[in-house]
Each structure stands twice: as structure tokens, then as C-alpha cells.
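1. Structure of the sequence below:
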Amino acid sequence: MNKENLSTKKYDYLIVGAGLYGSVFAHEAHKNGKKCLVIDQRSHIGGNTYCENIEGINVHKYGAHIFHTSNKEIWDYVNSFVPFNRYTNSPIANYKGKLFNLPFNMNTFNTLWNVNTPEQAKEIIKKQTLEANIKNPQNLEEQALSLVGKDIYETFIKGYTEKQWGRKATELPAFIIKRLPLRFTFDNNYFNDIYQGIPIGGYNKLTEGLLNDIEVRLNTNFYANKKEFAEIAETIVFTGKIDEYYDYCYGKLEYRSLDFKHKILDSENYQGNAVVNYTEASIPYTRIIEHKHFEFGKQKKTIITEEYPAEWSIKKEPYYPINDFKNTSIYKKYKQKSLESNVIFGGRLAEYKYYDMHQVIGSALSKTKKIFS
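-> Numbers count the residues shown, from 1 in each chain. Okay, here's the model as predicted:
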């Protein structure tokens with residue numbers, strides 16, 4: 001890096017991270033006449049939404065990303081950069097070779113219990129929750145049994161959740177499952193939001209549109225030149241891990257991580273659906289993604305991704321914050337410290353919060369409206 005370029009405040013904003021929050025912030029700041037520099041330690045923009053085109057298929061390199069929102073303003077906003085298709089998320093659960101529709105709905109109950117009416121399904125669930133006889137759930141297992149009963153819990157929740165969190169369900173706090181949506185209609189649409197889809201041509205088109213005409217430096221580590229970077233911009237917008245920014249002074253925040261195994265197959269259609277969850281504990285991955293189905297692909301080959309939950313370490317990618325009492329207490333200290341600085345912290349890692357894509361975009365738009373309106 002040319003250090004002479006780091007000697008004066010030549011930018012209004014240094015944005016650390018070219019994911020959705022950073023890209024939206026940069027776009028809105030640029031639109032308001034501000035000069036921005038976006039840096040990212042990865043070799044690509046887009047953060048975890050990044051897609052790699054392999055065999056003509058847009059592969060979601062960091063796991064399935066399905067856009068959904070009920071906010072028309074946000075839907076119109078993303079569609080102004082790239083049109084979205086009509087993809088509807090309708091995952092399948094595979095339990096010991098038997099296939100079930102998700103989310104839990106009448107198709108699920110019909111396959112599970114051979115019932116045909118909502119009343120029959122409700123009666124079985126009521127009977128099983130009464131049999132569980134749990135008044136004050138002390139852990140995730142008890143919480144699930146009190147909400148949906150034994151069959152749904154053991155078929156769909158127990159193995160999947162224990163793999164996802166790397167802990168026994170009896171060791172996980174009850175608050176992880178606040179509720180379990182049960183639909184007594186034959187509706188396989190996973191989301192309740194009004195708008196849903198995938199960018200036609202992949203998510204890269206969205207972030208490329210957001211960062212058009214904005215200076216971006218990739219393969220650039222903020223911490224390698226933290227002091228110098230702090231001096232080239234009036235304000236830093238930071239989207240990385242807030243604890244790392246403050247040198248872990250209050251301790252490390254914990255996450256769950258993921259490992260992905262991508263496979264190119266000489267098959268036009270491997271599983272007939274974009275997402276299939278494997279809910280039994282004996283299968284090490286939680287789901288298989290078949291990427292071509294996100295865009296209704298007709299390619300001769302297909303690409304699948306097995307998704308393996310993993311313990312997080314400082315060298316692994318952080319995906320899911322562990323928002324238990326201990327970590328929440330640590331984050332509150334970092335949050336308070338951040339309020340005493342002029343750095344803007346935004347996004348999943350900086351706010352130690354699990355965000356869906358529309359929520360990240362909404363958060364960035366809300367912040368920029370306050371600044372520039």
C-alpha cells in the first residue's frame with residue numbers, strides 16, 4: 001500500500017467491509033456528494049452474499065441467501081439495482097430417508113401422521129404437549145416439547161439443533177426457541193413476507209450496483225494499517241467484529257461457524273429443491289444446497305453444497321452470534337464504548353446481532369437518512 005496516500009484526510013468516509021451494510025452506506029453517502037473509500041480483507045465485494053459463477057451457476061459461497069421482506073421501500077430499493085426473480089423458499093426436511101415439507105404445515109402433518117384436516121393435526125399436537133406436562137421449560141428440549149410435542153421435536157428439531165449448536169438440546173437455553181410456527185394450511189412457503197426472490201444473475205449484481213463509481217480496495221486488512229487508515233477519513237464506518245476493533249479489551253464475543261463442501265456433479269438435477277435439511281443427528285451436515293434451483297437453472301451439471309456447523313475460533317469465519325447472557329453482557333460493554341467514539345458501527349458483526357439481509361439494508365438506510373437528511 002502506498003503510505004503517502006494515507007497522510008491526509010482525503011475521504012469523508014472510510015468504510016471497513018464491502019458487505020451489504022458497508023455497500024449501502026457507501027452508496028447513500030456517495031449519492032449525497034461524500035467521498036468514500038471502501039476496504040475489505042477478502043478478495044471480493046459482497047461479504048457473505050458473494051456468488052461465484054461455476055459451470056454457469058451462481059454458487060452462494062457462504063451459504064444460502066434468500067431475500068425476503070414486507071417493506072416495499074427496501075424491496076423497491078434492491079430491485080432498482082437488479083431485478084429479482086420469483087423464487088419462493090420451500091425447504092424439504094430429510095429424516096432417515098423420508099421427506100417432509102417445511103415449515104411445519106398440513107403437508108408436513110399429513111406425511112408425519114397421515115392426517116388430512118387441521119383439527120386432526122391440532123388434536124395430536126395438543127395430546128403430545130399435555131403428555132410432556134412441562135409448565136416451566138428449563139432448556140431447549142423442554143421448550144420444544146411444551147410447544148409442539150414429541151413427534152415434531154424428535155423428527156425435525158432435536159438432531160438438527162444439536163448439530164447446529166454443537167450442544168445437547170438439554171444444555172441449550174430455552175430462549176433460543178421463543179416460538180415454533182405451526183401452519184394449519186397446505187402452504188410450503190417458508191417466509192410470511194410479501195416480497196421474496198433472488199437477484200437475477202446473482203447477488204454480485206446488487207453489490208456491484210451499490211458500489212458503482214466508489215473506490216474499493218480489496219485484499220486490504222484494516223488492522224495492518226489501522227493508525228494510518230484512521231487519519232485518511234473524517235469518519236470510519238466499521239462493519240467488522242466490534243470486539244476485535246477494541247482489541248478484545250472486554251473479552252472475545254463467541255459465535256458458531258460453518259464449513260462448506262462444494263461439489264460439481266455430472267447431473268442436471270440432484271435433489272429437486274434448492275434447500276434440503278438433514279434433521280437426524282447421525283448425518284454431520286445440516287443441509288444440502290443445490291444452487292441452480294435459486295434461479296431455475298437448466299445447466300447440464302449441478303453444484304451442491306453440504307453445510308457443516310462448526311465450533312468457532314479466531315481463525316474461522318463468524319456466522320451466528322451466541323446471544324446468551326455472558327456474550328450479551330460483554331457486547332453491552334463494547335456498545336457503550338462505541339457510543340463514546342465517532343466511529344459508526346453497523347451490521348451483523350459490529351452490532352453482534354443476527355440480521356437478515358433486508359434488516360441489514362434497512363439499518364444502513366436508517367443510519368444514512370439520519371446523517372444526510
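2. Sketch out the low-pLDDT regions of this protein for me.
-> 1-8 (pLDDT under 70).
3. for it, what spans make up the helices?
-> 20-31, 72-79, 106-113, 118-132, 140-148, 150-152, 158-165, 204-210, 226-230, 242-245, 325-339, 357-372 (DSSP state H).
4. In the fourth one, which residues are buried?
-> So the one you mean is helix 118-132. P118, Q120, A121, I124, I125, Q128, T129, A132 (16 or more other Cβ atoms under 10 Å). C-beta coordinates here come from the backbone N, C-alpha and C atoms, glycine included.
5. Now render those residues as TSV, adding distance to R217.
-> What follows is those, written out as TSV (distance: Cβ to Cβ, whole Å):
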residue	distance to R217
P118	56
Q120	60
A121	55
I124	58
I125	55
Q128	57
T129	55
A132	56
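6. ok, now how distant is the residue nearest to K316 when sequence neighbours are not counted from T302?
-> Spatially, and ignoring its direct neighbours in sequence, K316 is nearest to S257 (4.3 Å; Cβ to Cβ, 6 or more residues apart in numbering). Counting by Cβ to Cβ, to the nearest Å, the gap from S257 to T302 is 26 Å.
7. With N79 instead?
-> Counting by Cβ to Cβ, the gap from N79 to T302 is 28 Å.
8. so of the helices of the chain, which one's packed in deepest?
-> helix 20-31 (a mean of 25; mean count of other Cβ atoms under 10 Å).
9. and that helix, C-alpha only, in PDB?
-> What follows is helix 20-31, C-alpha atoms only, in PDB (Å, rounded to 0.1, in the frame of the first residue of the first chain):
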ATOM      1  CA  LEU A  20     -24.400  -5.200   2.500                       C
ATOM      2  CA  TYR A  21     -24.200  -2.600   5.300                       C
ATOM      3  CA  GLY A  22     -21.000  -1.100   4.000                       C
ATOM      4  CA  SER A  23     -22.100  -1.100   0.400                       C
ATOM      5  CA  VAL A  24     -25.500   0.600   1.200                       C
ATOM      6  CA  PHE A  25     -23.800   3.200   3.400                       C
ATOM      7  CA  ALA A  26     -21.200   3.900   0.700                       C
ATOM      8  CA  HIS A  27     -23.900   4.200  -2.000                       C
ATOM      9  CA  GLU A  28     -26.000   6.600   0.000                       C
ATOM     10  CA  ALA A  29     -23.000   8.700   1.100                       C
ATOM     11  CA  HIS A  30     -21.700   8.900  -2.500                       C
ATOM     12  CA  LYS A  31     -25.200   9.900  -3.600                       C
END
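10. could you check the angle helix 72-79 makes with that helix?
-> 80 degrees (axes from the mean of the first three to the mean of the last three Cα atoms, to 10 degrees).
11. tell me the angle of helix 20-31 relative to helix 357-372?
-> Going by the same axes, to 10 degrees, helix 20-31 makes 30 degrees with helix 357-372.
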